[in-house]
Structure formats: structure tokens, C-alpha cells
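Undergrad: Kindly generate the corresponding structure for this input.
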Amino acid sequence: MRWVISFIFLLFAILMLSKGFSLQSMIEASIDSDGIGVYFMGFVIKESAPINHISIYAAIFFIGCFMFFVFSLIIAINALLSSERLK
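TA: Below is the predicted model:
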């Protein structure tokens, strides 16, 4: 069961990294409106984020990616060590 949770956390980390990079690329693109909508996995994070705040949202997704990756790593190491103790 721990491996499944570790895999799900790793999947969230990859999705958050992808979203962070897509937001980062929107900073360099020319946006002609007041802002953009920030969505993640079908949920609305911000309907109209101002253009100067997009880098903050990208950084938040990068931090979330790092946290989920570390959690996944901790759970996987814990599962590996506990399986070795049972042998």
C-alpha cells in the first residue's frame, strides 16, 4: 500500500512540475489580456491571475512539486526499509 501512495505522490509531483513549467512559459509569451486563468487538474486556482503574479504561481507549483517528491521518496525508503526488516 505504501508503494501505491508513493507512486501517487510522485505522479502529483510530475503534474505540478509540468504546470509550473507551463506557467513559466506563459510569462515569456505575450499575453494581451489583463491576466490568465490558473487551473490544476480541473480545479480553478485563480480565474484571472494578473500577469505580474504568474511567476509567483509558477514558483508555488515548483515548491509543491519538490514537497510531493520528497514525501514520495520518504514513503518509498520507509517501505523499502520495513520490507528488509521483515526478511
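
Undergrad: Which secondary structure element is home to residue 39?
TA: Residue 39 is located in strand 35-40, with elements delineated by DSSP states H and E.

Undergrad: Run me through the strand neighbours of that strand, direction for each.
TA: Sheet pairing for strand 35-40, assigned by DSSP bridges, gives strand 43-50 (antiparallel).

Undergrad: Now the strand it pairs with - C-alpha only, PDB.
TA: Output of strand 43-50 as PDB, limited to C-alpha atoms (Å, rounded to 0.1, in the frame of the first residue of the first chain):
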ATOM      1  CA  PHE A  43      -9.900  22.900 -10.400                       C
ATOM      2  CA  VAL A  44      -9.800  26.600 -10.700                       C
ATOM      3  CA  ILE A  45      -6.900  28.100  -8.700                       C
ATOM      4  CA  LYS A  46      -7.400  31.700  -9.900                       C
ATOM      5  CA  GLU A  47      -9.900  32.800 -12.500                       C
ATOM      6  CA  SER A  48      -7.900  35.800 -13.700                       C
ATOM      7  CA  ALA A  49      -4.400  36.000 -12.300                       C
ATOM      8  CA  PRO A  50      -2.600  39.200 -13.100                       C
END
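
Undergrad: Next SSE downstream of it?
TA: Counting by DSSP H and E, the next helix or strand C-terminal to strand 43-50 is helix 54-86.

Undergrad: Who are the packing partners of that next one?
TA: helix 2-28, strand 35-40, strand 43-50 (3 or more CB pairs under 8 Å, 6 or more residues apart in numbering; DSSP states H and E). C-betas here are computed from N, CA, C, even on glycine.
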